[in-house]
Structures are given as structure tokens and as C-alpha cells.
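**Student:** Let's see this in three dimensions:
(one chain, ligands or ions: 1)
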Amino acid sequence: MRRVVVIGGGPAGIKAAHTLVKQGIHVTLLESDALLGGLASSFAFQGVRIERYYHFICKGDDHLVDTLEELGLSRLLHWKSSRMAYFVDGVLYPFLTPWELLRFEPLPLHDRLRAGLAVKLAQRMREEDIAPQRAIPWLTRLFGERAYRVIWEPLMRFKFAEHAPEISAAWIWARMVRLSRSRTNPWKEELGYVEGGSKVVLEGLGTDFERRGGRIVLQAPVEQILFESGRATGVRVGGETIPADAVISTVTTSRFRKLAQGLEGSYVERLARIPTIGIFCLFLRLKHQTTPFFWVNANDPRVPFAGMIEYTNLNPLPELGGDRILYVPQYLSADDPRFAQDDEEVLRSYSDALALVNPAFDRSWITYSHVFRDRYAQPICLTDYRTTTPEIRTPVPNLFLTDSCQLHPHDRTISGSFGLGLEAARLATEALGEARG
Ligand SMILES: Cc1cc2nc3c(=O)[nH]c(=O)nc-3n(C[C@H](O)[C@H](O)[C@H](O)COP(=O)(O)OP(=O)(O)OC[C@H]3O[C@@H](n4cnc5c(N)ncnc54)[C@H](O)[C@@H]3O)c2cc1C
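**Tutor:** As a prediction, this is how the structure comes out:
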């Protein structure tokens, strides 16, 4: 029987493993953590299990929608009208519809009109023309200096910290296009969520994988990918060797380089050139709603974060009995000293800032808090991504790699990772067929 080892039990790994097992291939899925899900995993607290990080779905997240259908879970996918706002210098401004944009006082009227037109203009542009341009000058040219500072600078700072000046304009463009697909009309944006959270899909795939004979090993950090005569022969984990006819790695590129020691050449050199950024996110369970908005971008010097996501304004999570979930994330470089910040200190400064956004906010509202940190949360989309992104097929004929950078200029998503997992499984199946023939 043909054997495949999949490294990493996040969305890409689970999808690849599930696709292969359906073809009668013997698959072992190795996950270093104690549970499946990767960045989309959930954690247990106060009798509930909720995602460590917020996850919403956009129209066009087809691989996720198809997976729900395959698992017979489509009834759990809900689309809901969502609202966003900007908190600028002490005032909260709704910011979604043309009417709200027209009333957006932090910008003079002609800048507001220009912003509306700029979004429409950007959506008509072609990726290949935008890709080599840097996002900040591109946005400044399109929207004007003032609108860049007020509207875009918080997003760039939030998503990329000090990497912001290096980002390709195509990343922002792709984000505008993705969100515009979720607009049912100019006045309404619909975002999706899965009742029960992403774990329903990810664990659903895991359960079906095991039912079909797949093997999941948790707390199994792969130490090395083994090679012989130019082919991958298996992996080493916990001092043991697991032999394989093909290996799929779904771990971040810097980890892959450590696992595939001995692998050299331009492919590996390209992997080393893709920077990544980490995530630092305060998770709060609250007794009351902070704002009616799903997403608030903050642009106020007194506020130490650039955005906040009140997840229960999208997914009501009835299991919380009316309590609210608020995520306050900040993307940071892996070596940023803020990763070492004391949780209590974060809670204190963020609570003070939340009281600026909603003066009624009080620390007594918080019934649970935790700061989640991941040093690898997102690859950075540089201006040369079209020529530097590594292929899923590595130079080793039976070794495959997926990484969210392969989705560039699009942002990483569960759906996108499902697509990468599907493609890796297809290529592995092809390679196994060739090796036999
Ligand atoms: C703050 C935040 C918000 C997000 N919001 C959204 C959203 O709204 N919508 C959306 O669709 N997506 C969102 N995402 C993105 C989504 O979570 C990721 O795109 C997705 O989880 C990536 O899946 P992956 O399998 O490619 O990688 P990962 O999820 O990173 O999985 C990789 C797995 O490999 C494991 N691993 C690492 N090293 C080893 C080793 N040596 N041996 C074995 N296993 C190993 C890791 O533990 C991990 O489980 C968000 C992510 C973050 C961080």
C-alpha cells in the first residue's frame, strides 16, 4: 500500500490528508500540538471551546464551502450582514456604506468622494500591473495623503508592523477585491461563519479521515525529513522513523528549511527570502457589548492597538449565554519585545483604551482573558512575489510543500489553505503513480 506522511495538522494538512485517504492511500498526519487546527484551532475555557483567533468567511471562499457540503454540514454555514467602523481621535464612525463614507468627518468632503472612487478604480486594475508597486505609495497616490493616513495606515500597521513599507500593493488590492465580493449591494456586506466555529469543519475532516483508516498522531513534532538517492523516504519524529513513499509538509517555510536539512539550491534559497510575521492577540470574554460593530479600526494615539474584532457581533455564540467575545490582535515581528509583555500589563493598557472607545467599558465586564501569541502567523507579500513564491512541487520528486505565501497576493484563509492541501494531495498522488509506473 502507498504511504504518505503529512506534516502539520492545520487546515492545509488536514485537507491534504483527507483527500489522500479517500483514494485508498495509507496516510499518517503528524501534528506537533496537542490538537488539530493550527492557527484555526480552538481552546477550552469556562465550559466552552472557541477559536484562539477570529475567523470569518467571505463569498468566494469556495474550498471551505465545498468542504462543508462534502461533510454534510452546509446547514451550519450562516451569512450575516456585518458592520465596521473607525475610531479616530476619540470618535467612533460607522464606515461601510456610501452614506457612512460621505459622513466620515475625519476627512474633508473631497477626500471622502475621492476615497469612494479610488476603491472602484482599484478594483478594475490588473494584478500584474500592481504587483511590483509598494502598497504605501500606491495607496497614497490613489486615495491622497490624508486619506492614506486616516484610513489605510492603521490597517498597514496592524497587519505588517515595521514590514508595512515593503508590502506589495497587490496584497491590498486583493483584499479590496475579496471584501467587495461579500457586498450584496453598496449598502450591505455579508460575512459568513460556521455555527460551532472552524473546529466543526476541521475536526469533521479529522474524524472522517480516521473513519476511513487515516492515522493522526498528536504531540508529534517532526524533527527531520529523511532523504535517500534524491527522494524523501520518510520522517523522523520522537527518535523514530516513519517511512513514506511521499511526504507533504504544511509547516511554515522557515520550519520546513530546518526539517529538510541537506536540501539545497534555488528553491530553498527562495524560501529563506520570504519574511513572516507573528500575532499577539488579547482574547476577552465580556458581560456586555463594547460596540455594535464586527470590526473597528483604531487610529488614535492613545490606543495601543490598530483594530478590534467583536466576534459575537457576527457569530452570536449562544453557548456563552449572552456574553461577548472580543479579539484585540496585533501582528508583530517574531523578535518584537512586545511578545514578552506581561499579560496583566497588556490587559491594563488595552482596558484603558477600550474605555476610550466605549466610555461605559469597565474591567468588571471581563470574565475571562488570555493573550495568545504565535511567532509565525502570516507570510509577508513582497513586490517580487510573482517570481519568488515557491511551488508546491519541490525539487525532490516525492516531497511537497504548502505555505500561505502560495496564496499571494491574496491573504491567507482557511479556504485558501484547503485549496493548497487539495493541490498537494493531487501532486502527491500523481508522483506515487509515476513511481509505480
Ligand atoms: C489572527 C488571525 C486571524 C485569522 N482570520 C482568518 C479569517 O478571518 N478567515 C480565514 O479564513 N482565515 C483566517 N486566518 C488564517 C487561517 O487561520 C490560516 O490561513 C490557516 O490556519 C493556515 O492553515 P495552514 O494549515 O496552512 O497552517 P497552520 O494553521 O499554521 O498549520 C500548520 C500546523 O503545523 C504544525 N506544525 C508546525 N511544526 C510542526 C512539526 N515540526 N511537526 C508537526 N507539526 C508541525 C503546527 O502546530 C500547525 O498545527 C487567521 C489567522 C490568524 C492568525
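**Student:** What parts of the protein come near the ligand?
**Tutor:** Listed as neighbours of the ligand in the chain under the rule Cβ under 6 Å from any ligand atom: 7-13, 30-33, 38-40, 53-56, 221-222, 250-251, 255, 279, 281, 329, 377, 404, 412-415, 417. (Glycine included, C-beta is placed from N, CA and C.)
**Student:** List only those of the residues you listed flagged as buried.
**Tutor:** With neighbours counted using 16 or more other Cβ atoms under 10 Å, those contain these buried positions: 7-13, 30-32, 38-40, 53-56, 222, 250-251, 255, 279, 281, 329, 377, 404, 412-415, 417.
**Student:** Contacts only, for G24.
**Tutor:** M1 (Cβ atoms under 8 Å, 6 or more residues apart in numbering).
**Student:** What score does it have for pLDDT?
**Tutor:** Looking at G24, its pLDDT stands at 95.
**Student:** For the stretch 151-300 of the chain, just list every one of the strands.
**Tutor:** 183-185, 188-194, 215-217, 222-228, 231-237, 240-243, 246-249, 276-286, 295-299 (DSSP state E, counting those that start in this stretch).
**Student:** Could you do the stretch 301-437 of the chain as well?
**Tutor:** Going by DSSP E, counting those that start in this stretch, the stretch 301-437 of the chain shows strands at 307-310, 324-332, 366-379, 399-401.
**Student:** Okay, now the unreliable bits of this protein?
**Tutor:** For the chain, the stretches flagged by pLDDT under 70 are 184-186, 435-437.
**Student:** buried ones in the longest helix belonging to it?
**Tutor:** The longest helix of the chain (DSSP state H) is helix 414-436. Buried residues in helix 414-436, counted by 16+ other Cβ under 10 Å: 414-429, 431-432.
**Student:** And it, what does it pack against?
**Tutor:** Applying 3 or more Cβ pairs under 8 Å, 6 or more residues apart in numbering; DSSP states H and E, one finds that helix 414-436 contacts helix 11-21, helix 62-70, helix 198-211, strand 246-249, strand 399-401.
**Student:** Only alpha carbons, please: show the second one as PDB.
**Tutor:** Extracted in PDB, the C-alpha atoms of helix 62-70 (Å, rounded to 0.1, in the frame of the first residue of the first chain):
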ATOM      1  CA  ASP A  62     -15.200  28.100  -2.200                       C
ATOM      2  CA  HIS A  63     -13.000  25.400  -0.900                       C
ATOM      3  CA  LEU A  64     -14.400  25.900   2.600                       C
ATOM      4  CA  VAL A  65     -18.000  26.000   1.300                       C
ATOM      5  CA  ASP A  66     -17.400  22.800  -0.700                       C
ATOM      6  CA  THR A  67     -15.800  21.000   2.300                       C
ATOM      7  CA  LEU A  68     -18.800  21.900   4.500                       C
ATOM      8  CA  GLU A  69     -21.000  20.400   1.800                       C
ATOM      9  CA  GLU A  70     -18.900  17.300   1.500                       C
END
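**Student:** Buried residues in it, which are they?
**Tutor:** 63-65, 67-68.
**Student:** Tell me the one of those residues nearest the ligand?
**Tutor:** The shortest gap between the ligand and any of the buried residues of helix 62-70 belongs to L64, at 7.0 Å (Cβ to the nearest ligand atom).
**Student:** My guess is that closest one contacts G419. True?
**Tutor:** No - with contact defined as Cβ atoms under 8 Å, L64 does not count as touching G419 (9.3 Å).
**Student:** Straight-line length of stretch 136-152, end to end?
**Tutor:** In stretch 136-152, first residue to last residue: 9 Å (Cα to Cα, to the nearest Å).
**Student:** starting at the chain centroid, how far to it?
**Tutor:** Stretch 136-152 has its C-alpha centroid displaced from the chain centroid by 25 Å (Cα atoms, centre = their mean, to the nearest Å).
**Student:** Stretch 391-406 too?
**Tutor:** 19 Å.
**Student:** ok, residues contacting that stretch?
**Tutor:** Contacts for stretch 391-406 (Cβ under 8 Å, 6+ apart): 12, 16, 225, 227, 230-232, 245-250, 252-253, 256, 260, 263, 265, 267, 274, 378-379, 381, 385, 389-390, 412, 416-417, 420-421, 423-424, 427-428, 431-432, 434-435.
**Student:** for it, how far is the first residue from the last?
**Tutor:** Stretch 391-406 has its terminal residues 7 Å apart, counting by Cα to Cα.
**Student:** Now do the buried residues in it.
**Tutor:** Counting neighbours by 16+ other Cβ under 10 Å, stretch 391-406 gives 392-394, 396, 398-406 as buried.
**Student:** repeat for stretch 20-37
**Tutor:** Neighbour count says stretch 20-37 has 20-21, 25-32, 35-37 buried, by 16+ other Cβ under 10 Å.
**Student:** Which of these fall within helices?
**Tutor:** Those of the buried residues of stretch 20-37 mapping onto helices are 20-21, per DSSP H.
**Student:** Of the buried residues of stretch 20-37, which is the nearest to the ligand?
**Tutor:** For the buried residues of stretch 20-37, the nearest to the ligand is S32 (3.7 Å; Cβ to the nearest ligand atom).
**Student:** contacting residues for the closest one?
**Tutor:** So S32 contacts 8, 219-222 (Cβ under 8 Å, 6+ apart).
**Student:** among these, which two are most distant?
**Tutor:** Pairwise distances among those were taken by Cβ to Cβ; the largest, 13.3 Å, belongs to G8 and Q219.
**Student:** what sits in contact with each of these two?
**Tutor:** 31-32.
**Student:** Give me the domain ranges for this structure.
**Tutor:** Using automatic domain parsing, the domain parsing of the chain gives 3-55+197-274+384-436, 101-178, 276-379.
**Student:** Deepest in the core, which of the ones you listed is it.
**Tutor:** Per residue and on average, the most neighbours among these fall to domain 3-55+197-274+384-436, with a mean of 20 (mean count of other Cβ atoms under 10 Å).
**Student:** Need phi/psi at the nearest residue to V21 once chain neighbours are set aside.
**Tutor:** In space, and not counting its chain neighbours, V21 is closest to G214: 4.2 Å by Cβ to Cβ, 6 or more residues apart in numbering. Reported as degrees, to the nearest 10, the phi and psi values for G214 are phi -70, psi 150.
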